[in-house]
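Novice: Sequence plus the predicted model coming up.
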Protein chains: 2
Amino acid sequence: MTHDERLLALLHKRPDDYTSGAELAERLGVSRTTVWNHVEALRKEGYVIEACTRRGYRLVSAPDRMLPDEIRRRLRTQWLGRRLWCYRETDSTNDVALARAAEGAPEGAVVLAEAQRRGRGRFHRKWLSPPAANILASVILRPDCHPSLVSQLVIAAAVAVAETLRSLHDLDAHIKWPNDVCVGTRKVAGILAELSAEAEQIKHAVIGIGLNVNMAPAEIPKAIRATATSVRIDLGHEVSRLDTLGELLVHFERWYDQWRRDGFAPVKARWAALSSSLGRRVEIVSGTAKITGLVADLDDDGGLMLRLDSGLVRKVASGDMTVVG
Amino acid sequence: MTHDERLLALLHKRPDDYTSGAELAERLGVSRTTVWNHVEALRKEGYVIEACTRRGYRLVSAPDRMLPDEIRRRLRTQWLGRRLWCYRETDSTNDVALARAAEGAPEGAVVLAEAQRRGRGRFHRKWLSPPAANILASVILRPDCHPSLVSQLVIAAAVAVAETLRSLHDLDAHIKWPNDVCVGTRKVAGILAELSAEAEQIKHAVIGIGLNVNMAPAEIPKAIRATATSVRIDLGHEVSRLDTLGELLVHFERWYDQWRRDGFAPVKARWAALSSSLGRRVEIVSGTAKITGLVADLDDDGGLMLRLDSGLVRKVASGDMTVVG
């Protein structure tokens, strides 16, 4: 732990009381001037710390920022997020996570950023997120399975995001195939899985989650305002990003553990309950092709089984889906 | 081109005649002493260059080494191998190729090495190859397809290797599922595909080919002497590694082009003709599981369709196969 982190831990212990500068200096093994310098540094990070003559310091509030210390304070997982990298800005959390994974980062390590210079979704589409408004997280996983099963992890992540929005924010979130989470007809989160693999085996996978938490209406580009939303927009007020992340990691850990233990069936069953398209008539555009049918099932590699008007069932591996019925 | 390469090109033009030092110096725009220094450097690379007073220099023979200039001289492909990286020694040509691909190397770029410090096969097994004896090549591809189809590229590469051994060396080579090429019951080549991908789309794939060309019997570790071989061992004499590589690239380019144009069917048909196991009774060990049956077919994602004694057909995604019938 750094001095800042130890100072914070000490202040967090007495939320309603002051701790004297002398005590803090002794505990940290530094001078009282150095304690003051650390307090100033923390204030610049957004911490509100009261300083009172002869009584000492008191932590009034912590910022809702993706700081390792604040995340760890809320961590209720067994293994997911125990190793963290937090950036104010990076090109793409998925790129960082892929690089860290290639260097040997452990399963469950998470890369977070307040802003991305080159955030992206599927098909090299841009993923836009104003600084310090949303959750941009990339989880490193090392599942012992065939590369085609990575789609099952995308489904598990989508289930975790939808459950987080339901349990913590009481939003009627559902999953839009293949990798979006929506509230009503508007997208609130997207998932981008990337992997490094041999032909028959994944070496490591990175599950990138972009979840719009506190983005304001004006921060959504006009072109996607009809199709994108955030938790704040739907609830009418800001929420804690840190609490949302904490809840998300718990749900994702639970589903990943279950997937490892019991396979895809339970994940798929939960997906079915949260899906906005199962049993409905949809149109899927894939490249220049367009196909219409009834969503009959989800295949084990994440493809959608579509019952065509002819009665034939056809599998669609990827594309952009719209519910038409 | 470097001075060495230009000097070689000039000497190659007159295989039966001498070129004067004065002419070479003029063509290269350097002194006659510098020409002499370049000749010495090339001799160290293994080139035999005759020097005759008053007549000049003559190239007697080029070394059978993986030198860019020698490879290019034999290149009969349209696009495969037009970009080359050649190493005396590297950790693993696949690692280099994956790194180059991530940096944007074009499709068809090839990484070659005379020796690998950490050569590997499937399941992190070691791939051993004495220096300057065999072919260690990794091809960078950018197919526009689902990650599960990378197995089709492994099959295409295996077909190309088997055809090379048949057409150039008249060896009765066949393919052993999933990624080996054998002569008789002994393995002569292995293929290791690795990829970087999104859930639904390959970003780039690397097809690593280890082909035992001139490895001597004593150079094969005792533990695998019964199951490994080389072209030299089977023919009883050394062959040109450069010619073998040239032929291999032609075959692989042809099959990859056909796969892109016509899909997997023609590749699979050729695999069927070259397979040592189709229609035969095999045992496949996968982890702690063992399964026995008749090889009925190859699945589109490279899995083997096995007809069990019960009559059921079951797909096996990966494992170690032995023909038992």
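Specialist: Now that the structure is in, tell me what you want to look at. Numbers count the residues shown, from 1 in each chain, chains lettered A, B, ... in the order given.
Novice: wait, what's in contact with the closest residue to chain B within the stretch 201-325 of chain A?
Specialist: Proximity of the stretch 201-325 of chain A to chain B (Cβ to the nearest Cβ) peaks at residue A:318, 4.0 Å away. C-beta here means a position set from N, CA and C on the backbone, and glycine is covered the same way. Residues in contact with residue A:318 (Cβ atoms under 8 Å, 6 or more residues apart in numbering or on different chains) are A:122, A:178, A:286, A:303, B:146, B:200-201.
Novice: Work out for me the element it sits within.
Specialist: When elements are defined using DSSP states H and E, residue A:318 is found to belong to no helix and no strand.
Novice: ok, back up a step: as CSV, the contacts of residue A:318 with pLDDT would be great.
Specialist: Converted to CSV, the contacts of residue A:318 look like this (pLDDT from 0 to 100):
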residue, pLDDT
A:122, 81
A:178, 90
A:286, 86
A:303, 90
B:146, 90
B:200, 88
B:201, 91
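Novice: quick check, nearest of those residues to residue A:29?
Specialist: residue A:122 (50.8 Å; Cβ to Cβ).
Novice: doesn't residue A:192 make contact with the closest one?
Specialist: Yes: the criterion here is Cβ atoms under 8 Å, and residue A:122 meets it with residue A:192 at 6.3 Å.
Novice: Mind checking which of these two has more residues around it?
Specialist: residue A:192 (24 against 21; other Cβ atoms under 10 Å in any protein chain shown).
Novice: Check the secondary structure at the more buried one for me.
Specialist: Following DSSP: H, G, I helix; E, B strand; the rest coil, the label given to residue A:192 is strand.
Novice: Tell me how many other residues crowd the closest residue to residue A:179 other than its chain neighbours.
Specialist: When the adjacent residues along the chain are set aside, residue A:179 lies closest to residue A:191, with 4.4 Å between them (Cβ to Cβ, 6 or more residues apart in numbering or on different chains). Other residues near residue A:191 come to 25 when the count uses other Cβ under 10 Å.
Novice: circling back: next one, pLDDT for the residue of the stretch 201-325 of chain A closest to chain B please.
Specialist: In this prediction, residue A:318 carries a pLDDT score of 86.
Novice: how would you label residue A:161: helix, strand or coil?
Specialist: helix.
Novice: quick one: it and residue A:213 touch, right?
Specialist: No: in this structure, residue A:161 is not within contact of residue A:213 by Cβ under 8 Å, at 11.1 Å.
Novice: beta partners for residue A:139?
Specialist: Beta-bridge pairing for residue A:139 (DSSP bridges): residue A:110, residue A:207.
Novice: ok, which residues in chain A are in contact with chain B?
Specialist: A:98, A:122-123, A:146-148, A:150-151, A:154, A:178-179, A:192-201, A:203, A:301-302, A:317-318 (Cβ under 8 Å from any Cβ of the partner chain).
Novice: filter these to the buried ones?
Specialist: A:98, A:122, A:146-148, A:150-151, A:154, A:178-179, A:192-201, A:203, A:301-302, A:317-318 (16 or more other Cβ atoms under 10 Å in any protein chain shown).
Novice: okay but residue A:313 is in contact with residue A:299, surely?
Specialist: No: the pair residue A:313 / residue A:299 is not scored as a contact, 10.4 Å apart, by Cβ under 8 Å.
Novice: Mutual contacts of the two, please.
Specialist: residue A:305.
Novice: Which of the three states applies to the residue lying closest to residue A:69 once chain neighbours are set aside?
Specialist: Leaving aside its sequence neighbours, residue A:69 sits nearest to residue A:5 (Cβ to Cβ, 6+ apart; 5.1 Å). Reducing the assignment at residue A:5 to three states with three-state DSSP gives helix.
Novice: Pull the number of nearby residues for residue A:5.
Specialist: Neighbour number of residue A:5 under other Cβ under 10 Å is 15.
Novice: And it, how close does it get to chain B?
Specialist: As judged by Cβ to the nearest Cβ, to the nearest Å, residue A:5 and chain B stand 34 Å apart.
Novice: circling back to that earlier point, pull up the overlap in contacts between residue A:122 and residue A:192.
Specialist: Common contacts of residue A:122 and residue A:192, defined by Cβ under 8 Å, 6+ apart, comprise A:179, B:198.
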